[in-house]
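Undergrad: Structural data only, the sequence is not supplied:
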């Protein structure tokens, strides 16, 4: 195999009660990427379509993640990458993670799977570090493992795949405003009350149990965030109205996707997820704010061959 | 049916990473209780063996929990209770919970199961309130539901049964010192760092996932407590040495049982749990502190008929 084309899923990190530890991959929202083996060592990004992003290898997250893999491998050649971006950078659904994860997953296929999924996450985290100064894994882990994934620990890195019920659909709405990950991190308090902490780990435990038992009601009850959402949602215009509209339309839960500004809702069944998309959209239409909206199944696979 | 005899299991609350939300029931450590229907309304405690505890209904946790059930039911008669205590009050393995849970479970059997398990937990919580001023559920919930149970939320009360792997055994060692629940609660800080919170809910998520997938290694990695244990363990003589001995003997994890002073360890298989009991015991023998030690399977049932 000399070249492959892959789908790189968009991802939702945090998922309400799982701040910094939980993420999920979308099935039908994502980038495409073509990776080609070359005899010349190093990585060359030859084309980026869809978004205005740097072609220089060490300024591009796919390049940086790819170099991390290349340096760790015994492969003597190099790679060429073409990127077809559908996910807007800064939208909060893992744009940098899709590129980082897609690059290392594809390269690993081309060098006979030298690395485990866990190692691929570690390489992809270098791309995340370039994008946001923090080598976080809550987007790249689901992008590579698929479905819901839990980052139990960073030292050492421990990724736990979580069962993904078959009827779970995500609606994501992206209001066209810009929030930098670094800004939305800055406004978080460094301390929380023990009382809120207890509620949060109770809910995360409930969500994980609900995912394994495929208990949609339990999933719904557990999709609460008493810590991050009350602070960060202030940065997202219309958040409360969008959330209320999603819940009233039958969503199991609704919250901020990653550090925002995208807002996600989870629903049981595609039909409900579509209705939720319509009611969420109506809120931004009334406010007069431009937006993108997506409905997607949760992807049980991560990056995959096209 | 006019009278029944029940086994009331001892319970381990918190289980390292699940402070205030997680608990488990033991199969072979617990009290026995005989409950008899009477035509006279009200509750009479006619006998308590094994421990010196009040016979007055409204000063005894079984009495108070029983009255909560009685007041909510349409049953016009009353009950007589005989209690055979094996669990020492103040040991940290749910002595009051065993009596509270046992009483309401047995009474419910005698009045044709008028109440759900969730309602029984709510009645039993009144006993906990008498014992420690806080109507907590992390001991009474596993005592009634059996196995591992998660208290996802208190308002409204939401109890989530969690799968209990078949080979999981607990070792519990009880150094003969007294720590009041109220004292061990007082020394906790009311605020925690967000960073430690993230570690805690990552571990709780990992533990719940490990219990459902019966992944003993994941269970082991998740049995960490960065928040409560470092503070409370100061009150327990020899804690660090006991914990180190348990881990070196092959335990999956080790921590404080409830608010202490008992220390629990979880192991895969009875044989390892026995070896862990020996090594933990050796530490207290060397210190010269009296102790009780128990080895028990995790009980997949809660209170049960004898």
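TA: Received, thanks. Since the model is a prediction, treat every value here as computed from it, not as a measurement.
Undergrad: So is the lowest-mean-pLDDT helix or strand in chain A next to chain B?
TA: Averaged element by element with mean pLDDT, DSSP states H and E, chain A has its least confident helix or strand at helix A:181-186 (a mean of 77). No - with CB under 8 Å from any CB of the partner chain as the threshold, helix A:181-186 lies outside contact range of chain B, at a closest distance of 10.5 Å. The C-beta positions use only the backbone N, C-alpha and C, and glycine is treated the same way.
Undergrad: The following helix or strand past that helix pairs with which strands, and in what direction?
TA: Next along the chain after helix A:181-186, taking DSSP states H and E as the criterion, comes strand A:191-193. Pairing partners of strand A:191-193, with direction, according to DSSP bridges: strand B:191-193 (antiparallel).
Undergrad: Report the buried residues of the partner strand.
TA: Counting neighbours by 16 or more other CB atoms under 10 Å in any protein chain shown, one finds that the buried residues in strand B:191-193 are B:192-193.
Undergrad: next one: stretch A:170-187
TA: Of the residues in stretch A:170-187, those with enough neighbours to count as buried (16+ other CB under 10 Å) are A:170-175, A:179, A:181, A:184.
Undergrad: I'd like to know which elements the helix or strand encompassing residue A:254 is packed against.
TA: Here residue A:254 is covered by strand A:253-256, with elements defined by DSSP H and E. Using 3 or more CB pairs under 8 Å, 6 or more residues apart in numbering or on different chains; DSSP states H and E as the contact criterion, the secondary-structure elements in contact with strand A:253-256 are helix A:216-222, helix A:229-232, helix A:239-248, strand A:263-268.
Undergrad: which of these sits most buried?
TA: Taking mean count of other CB atoms under 10 Å in any protein chain shown as the contact definition, the stretch among those with the greatest mean neighbour count is strand A:263-268, which reaches a mean of 26.
Undergrad: Spell out whether the longest strand along chain A and chain B are in contact.
TA: When every strand of chain A is counted residue by residue (DSSP state E), the longest turns out to be strand A:22-38. Yes - under the criterion of CB under 8 Å from any CB, chain B is reached by strand A:22-38 at residue A:22.
Undergrad: Skip ahead from that strand and say which helix or strand is next.
TA: Using DSSP H and E, the first helix or strand after strand A:22-38 is strand A:42-49.
Undergrad: can you pull the buried residues of that following strand?
TA: Burial within strand A:42-49, assessed by neighbour count using 16+ other CB under 10 Å, is assigned to A:43-45, A:48.
Undergrad: Leaving out the residues flanking it, which one is nearest to residue A:127?
TA: Leaving aside its sequence neighbours, residue A:127 sits nearest to residue A:100 (CB to CB, 6 or more residues apart in numbering or on different chains; 2.8 Å).
Undergrad: will you turn the buried residues of stretch A:170-187 into CSV that also has secondary structure?
TA: As requested, those are arranged in CSV below (DSSP: H, G, I helix; E, B strand; the rest coil):
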residue, secondary structure
A:170, strand
A:171, strand
A:172, strand
A:173, strand
A:174, strand
A:175, strand
A:179, coil
A:181, helix
A:184, helix
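Undergrad: wait, residue A:260 sits on residue A:187?
TA: No - between residue A:260 and residue A:187 there is no contact, the gap being 11.0 Å when judged by CB atoms under 8 Å.
Undergrad: related to what we said a few turns ago, closest to residue A:273 out of the buried residues of stretch A:170-187?
TA: Comparing those against residue A:273 with CB to CB places residue A:171 closest, at 4.9 Å.
Undergrad: need the contact list for that closest one.
TA: For residue A:171, the contacting residues are A:246, A:251, A:264-267, A:273-274, A:276-277, A:280, A:293-295, by CB atoms under 8 Å, 6 or more residues apart in numbering or on different chains.
Undergrad: who does it bridge with?
TA: For residue A:171, the beta-bridge partners are residue A:265, residue A:295 (DSSP bridges).
Undergrad: and what of residue A:192?
TA: Partner residues in beta bridges with residue A:192: residue B:192, with DSSP bridges as the criterion.
Undergrad: confidence score at it?
TA: Here, the pLDDT recorded for residue A:192 equals 97.
Undergrad: Please tell me how far it sits from residue A:137.
TA: From residue A:192 across to residue A:137, the span is 21 Å (CB to CB, to the nearest Å).
Undergrad: what's the distance between residue A:186 and residue A:208?
TA: Between residue A:186 and residue A:208 the distance is 29 Å, computed by CB to CB.
Undergrad: And the helices and strands packed on strand A:253-256: which comes nearest residue A:69?
TA: The minimum distance between residue A:69 and these falls on strand A:263-268, with 29.6 Å, by CB to CB.
Undergrad: pLDDT check: weakest of the buried residues of stretch A:170-187?
TA: Among the buried residues of stretch A:170-187, residue A:181 has the lowest pLDDT, at 69.
Undergrad: re the thing from before, out of the buried residues of stretch A:170-187, who's nearest chain B?
TA: The shortest gap between chain B and any of those belongs to residue A:184, at 13.8 Å (CB to the nearest CB).
Undergrad: Once you drop chain neighbours, what's closest to the closest one?
TA: Distances taken as CB to CB, 6+ apart put residue A:259 closest to residue A:184, at 4.0 Å, once the chain neighbours are dropped.
Undergrad: now the one you found, what's its secondary structure?
TA: Under three-state DSSP, residue A:259 comes out as coil.
Undergrad: Could you list the contact residues of the stretch 151-300 of chain A toward chain B?
TA: By the criterion of CB under 8 Å from any CB, the positions of the stretch 151-300 of chain A lying close to chain B are A:151-153, A:158, A:160, A:162-163, A:188-195, A:197-210, A:212-213, A:218, A:221-222, A:227.
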